[in-house]
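>>> Predicted model and sequence follow; I will ask about them next.
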Amino acid sequence: IAREAERIRRRLEKLEAARRVPGPMEIAGRISSALRDRGGDCLESLGYIWGQTETSVHIFVPARGLRLNKSSQVEVDFRPRSLRLAMPTSDEGSGSFELTGRLHKLIRADDSSWQLEDGGLVLHVELAKRIGLLDDDQAGVHDES
């Protein structure tokens, strides 16, 4: 009986460890350094980490006490000059994290995307950069927010 009880205890510990949601700093440590290249760590001040390549900007938003199991839990709105994203948290008070703002440069909203990664611990947003005058001319409207 003692061996069976120990086996059950170990199994329960493994299940609890799998359900645990690490803190944002721990989650951020798992993000590939190649995707964070040429970016910045705004985790403590603004709640995200970002990086960029020649063609894309990557924004990583770690979960906050709540694993994101469904894409319907996340709202992302791409505009050529702005971005809005919202996701639930376990924080007291607001219960959600929202990031809204004007972008430094124009993006191709239709070519931008997002996905949940690391078992629902990271929201990864990929913004497609507009490169050159051709992209700006194809946009049609330069002041769209």
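Here it is on my side, so go on.
>>> Give me the distance between stretch 63-81 and the centre of its chain.
When C-alpha coordinates are averaged (C-alpha atoms, centre = their mean, to the nearest Å), stretch 63-81 and its chain have centres 7 Å apart.
>>> average pLDDT for it?
Per-residue pLDDT values across stretch 63-81 average out to 92.
>>> ok, residue 101 to residue 79 distance?
With the distance defined as C-beta to C-beta, to the nearest Å, residue 101 ends up 11 Å from residue 79. For every residue, glycine as well, the C-beta is placed using N, CA and C.
>>> now residue 97
With distances defined as C-beta to C-beta, the gap from residue 97 to residue 79 amounts to 19 Å.
>>> Now the element after the longest helix seen in the chain, going C-ward?
Secondary structure of the chain read by DSSP state H shows that its longest helix is helix 2-19. Using DSSP states H and E, the helix or strand that follows helix 2-19 towards the C-terminus is helix 24-28.
>>> quick one: the strands in this structure?
Using DSSP state E, the strands of the chain run over residues 40-42, 48-52, 56-62, 75-78, 82-88, 96-102, 113-117, 122-128.
>>> returning to that earlier point: between residue 101 and residue 79, who's got more neighbours?
residue 79 (15 against 10; other C-beta atoms under 10 Å).
>>> hmm, who's touching the longest helix of the chain?
Helix 2-19 is contacted from outside by residue 67, using C-beta atoms under 8 Å, 6 or more residues apart in numbering.
>>> Distance from it to the middle of the chain?
With C-alpha atoms, centre = their mean as the basis, the mean position of helix 2-19 lies at 32 Å from the chain mean.
>>> Tell me the buried residues in it?
Neighbour counts over helix 2-19 (16 or more other C-beta atoms under 10 Å) mark no residue as buried.
>>> Restrict it to CA atoms and write it as PDB.
Only the C-alpha atoms of helix 2-19 are listed here, as PDB (Å, rounded to 0.1, in the frame of the first residue of the first chain):
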ATOM      1  CA  ALA A   2       2.900   2.400   0.800                       C
ATOM      2  CA  ARG A   3       4.400   2.000  -2.700                       C
ATOM      3  CA  GLU A   4       1.000   2.600  -4.300                       C
ATOM      4  CA  ALA A   5       0.500   5.700  -2.200                       C
ATOM      5  CA  GLU A   6       4.000   7.000  -3.200                       C
ATOM      6  CA  ARG A   7       3.300   6.300  -6.900                       C
ATOM      7  CA  ILE A   8       0.000   8.300  -6.700                       C
ATOM      8  CA  ARG A   9       1.700  11.100  -4.800                       C
ATOM      9  CA  ARG A  10       4.400  11.400  -7.500                       C
ATOM     10  CA  ARG A  11       1.800  11.300 -10.300                       C
ATOM     11  CA  LEU A  12      -0.200  14.100  -8.600                       C
ATOM     12  CA  GLU A  13       3.000  16.200  -8.300                       C
ATOM     13  CA  LYS A  14       3.700  15.800 -12.000                       C
ATOM     14  CA  LEU A  15       0.100  16.800 -12.800                       C
ATOM     15  CA  GLU A  16       0.300  19.900 -10.600                       C
ATOM     16  CA  ALA A  17       3.600  20.900 -12.100                       C
ATOM     17  CA  ALA A  18       2.200  20.600 -15.600                       C
ATOM     18  CA  ARG A  19      -0.800  22.800 -14.700                       C
END
